[in-house]
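Visitor: Structure here, sequence nowhere to be found:
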């Protein structure tokens, strides 16, 4: 008995350690699920009043994170606002441009004759669509020609590659004015005459309609300057322009419902009558 | 052990357990947690017999297991530690030692406890990473030692 008392702590320890091992084993095998549920419920009861502290700490961290995100988003917002301003400016510029050319009439090419001097293109838009003779025809690359005949649902275009084609034109940079016509030698090349020699014209300059002829609105692209010729004894130079419009592959284009200004036409008629 | 003493012990033990479960288990320092329950146990076991200390260790260990969902680990390690170091703890509390001696003994007790705890936990595959094992072993020991020494030289040494 005395010996048992001496070793009771050892026995007690052994029993407790066995109990601990039993708990470990039961924990992994799921035998303590009910007790675990109770302990979790009790622990949550204890932690609930202190959860605000934890919530506060997390709120501080979240606040820091959100402040950083706020700075980044503010920076992005500023850049987007700047882009929006630029976009608005560009939109207004486009609106101004289209304001001069309202309601483009879309049309498809249904026939072409580009083999001779009298070249023409037939479109599937006519009087029903509001197409009238004299209206300019354009593509995304520039001026194609002008409407010369209209039917109820079709119309015929005189392209720039026609010996009868004429357009009042100018060089964008130098603002030098002249009259453009087809060169005949090469299908996509136009010549621009009556530009004074004193006005420098550079290769690569863009030629566009001037709007002075009262037949085309100003700003329609004719092409790019590829050559300048100036003969001795003449005051003017001839500028060759290569059109960006490829007539052979053209399939879809737009008709500008442009009508010549009647008052200008009347003045011209009066001038002709006067002299 | 009289009734007021038992009540005081139960209340203080409950307070330590709640503090451990609700606050200290969530305050990790370099991956380590201050084991206030173990410090309380060491502090109290010097005042009681080995048997009483073992029972106290078992109760506190079981409740610590319940609050951490580590069933058996705290019970095993705390009972083992008290069984092994009760004579030393009694000597420390009943005699005056130098600072470094107390620090060394306390470190030894804490390190042994954590070593047992982690060794047993390895069998239950609780910690898969060696880094976690090393962190728990040294960080827990050092932080608990720091708190224990602070307590000893402020309240416990009077």
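Guide: Now that the structure is in, tell me what you want to look at. The model shown is predicted, which means the values in this text are computed figures rather than measured ones.
Visitor: and whichever residue of the stretch 101-250 of chain A sits closest to chain B, how many neighbours does it have?
Guide: Across the stretch 101-250 of chain A, the shortest distance to chain B (C-beta to the nearest C-beta) belongs to residue A:140, at 64.9 Å. The C-beta positions use only the backbone N, C-alpha and C, and glycine is treated the same way. As a burial measure, residue A:140 scores 10 neighbours (other C-beta atoms under 10 Å in any protein chain shown).
Visitor: same thing with residue A:129?
Guide: With other C-beta under 10 Å as criterion, residue A:129 counts 18.
Visitor: List the residues that contact it.
Guide: A:105, A:107, A:153, A:255 (C-beta atoms under 8 Å, 6 or more residues apart in numbering or on different chains).
Visitor: Need the pLDDT of residue A:199.
Guide: Reported pLDDT at residue A:199 in the predicted model: 86.
Visitor: follow-up on the earlier one: max pairwise distance over the contacts of residue A:129: which two?
Guide: Farthest apart among these by C-beta to C-beta are A:153 and A:255. That separation is 13.2 Å.
Visitor: Residue A:215 belongs to a helix?
Guide: No: assessed with DSSP: H, G, I helix; E, B strand; the rest coil, residue A:215 is coil; it does not lie in a helix.
Visitor: which residues does it contact?
Guide: By C-beta under 8 Å, 6+ apart, the contact set of residue A:215 is A:134, A:136, A:146, A:167, A:168, A:260.
Visitor: Give me the residue at the spatial middle of chain B.
Guide: Chain B has residue B:38 as the residue nearest its centroid, 1.3 Å off, counting by C-alpha atoms, centre = their mean.
Visitor: Residue A:172: neighbouring residues, count only.
Guide: Using other C-beta under 10 Å, residue A:172 is surrounded by 13 other residues.
Visitor: So for it, what's the nearest residue that isn't a sequence neighbour?
Guide: Distances taken as C-beta to C-beta, 6 or more residues apart in numbering or on different chains place residue A:206 nearest to residue A:172, at 4.5 Å, with adjacent residues excluded.
Visitor: partners of the one you found in the sheet?
Guide: Listed beta-bridge partners, residue A:206: residue A:224 (assigned using DSSP bridges).
Visitor: Is it in contact with residue A:171, as I believe?
Guide: Yes: at 7.4 Å, residue A:206 counts as touching residue A:171 under the criterion of C-beta atoms under 8 Å.
Visitor: what residues do those two have in common as contacts?
Guide: By the contact definition C-beta under 8 Å, 6+ apart, residue A:206 and residue A:171 are jointly contacted by residue A:225.
Visitor: Of these two, which one has the most company?
Guide: When residue A:206 is set against residue A:171 and neighbours are counted by other C-beta under 10 Å, the residue ahead is residue A:171, at 24 against 16.
Visitor: Next, the residue nearest to the centre of chain B: secondary structure please.
Guide: Using three-state DSSP, the structure places residue B:38 in helix.
Visitor: Tell me the confidence at it?
Guide: So residue B:38 comes in at 92 (pLDDT).
Visitor: Around chain A, which positions in chain B sit nearby?
Guide: Proximity of chain B to chain A, by C-beta under 8 Å from any C-beta of the partner chain, involves residues B:18, B:21-23, B:26, B:50-51, B:54-55, B:57-58, B:61-62, B:65-67, B:69, B:71-73, B:75-76, B:79-80, B:83, B:120, B:123-124.
Visitor: List buried residues within these.
Guide: By neighbour count, with 16 or more other C-beta atoms under 10 Å in any protein chain shown, those hold B:18, B:21-22, B:50, B:54-55, B:57-58, B:61-62, B:65-67, B:71-73, B:75-76, B:79-80, B:83, B:120 as buried.
Visitor: need the helix or strand of chain B with the lowest average pLDDT.
Guide: The least trusted helix or strand in chain B, going by mean pLDDT, DSSP states H and E, turns out to be helix B:130-151, with a mean of 81.
Visitor: does the closest residue to residue B:9 other than its chain neighbours sit in a helix, a strand or a coil?
Guide: Distance criterion C-beta to C-beta, 6+ apart; nearest residue to residue B:9, sequence neighbours excluded, is residue B:44 at 6.8 Å. Assigned with three-state DSSP, residue B:44 falls in the helix class.
Visitor: I'd like to know how many residues surround residue B:44.
Guide: By the criterion of other C-beta under 10 Å, residue B:44 has 20 neighbours.
Visitor: got the phi/psi numbers for the residue of the stretch 151-275 of chain A found nearest chain B?
Guide: With C-beta to the nearest C-beta as the measure, residue A:252 is the residue of the stretch 151-275 of chain A nearest to chain B, at 67.8 Å. Per-residue torsions, residue A:252: phi -130, psi 130 (degrees, to the nearest 10).
Visitor: Report how many residues lie close to it.
Guide: Residue A:252 has 11 neighbours, counted by other C-beta under 10 Å.
Visitor: Look up which residues are beta-bridged to it.
Guide: Counting by DSSP bridges, residue A:252 is bridged to residue A:108.
Visitor: Do me a favour and average the pLDDT over the helix or strand where residue A:80 lies.
Guide: Element membership for residue A:80 (DSSP states H and E) is helix A:33-99. Per-region confidence: helix A:33-99 scores 76 on mean pLDDT.
Visitor: and the longest helix along chain B, what does it pack onto?
Guide: Ranked by residue count under DSSP state H, the longest helix found in chain B is helix B:99-123. Applying 3 or more C-beta pairs under 8 Å, 6 or more residues apart in numbering or on different chains; DSSP states H and E, we find helix B:99-123 packed against helix B:36-45, helix B:73-94, helix B:130-151.
Visitor: Out of those helices, which is closest to residue A:3?
Guide: Nearest to residue A:3, of all these, is helix B:73-94, at 18.2 Å by C-beta to C-beta.
Visitor: Nearest residue to residue B:88 in space, please, no chain neighbours.
Guide: Residue B:88 sits nearest to residue B:105 (C-beta to C-beta, 6+ apart), 6.2 Å away.
Visitor: measure the one you found to chain A for me?
Guide: Relative to chain A, residue B:105 is positioned 20 Å away (C-beta to the nearest C-beta, to the nearest Å).
Visitor: residues touching that residue, list them.
Guide: Shown in contact with residue B:105 (C-beta under 8 Å, 6+ apart): B:88, B:92, B:97.
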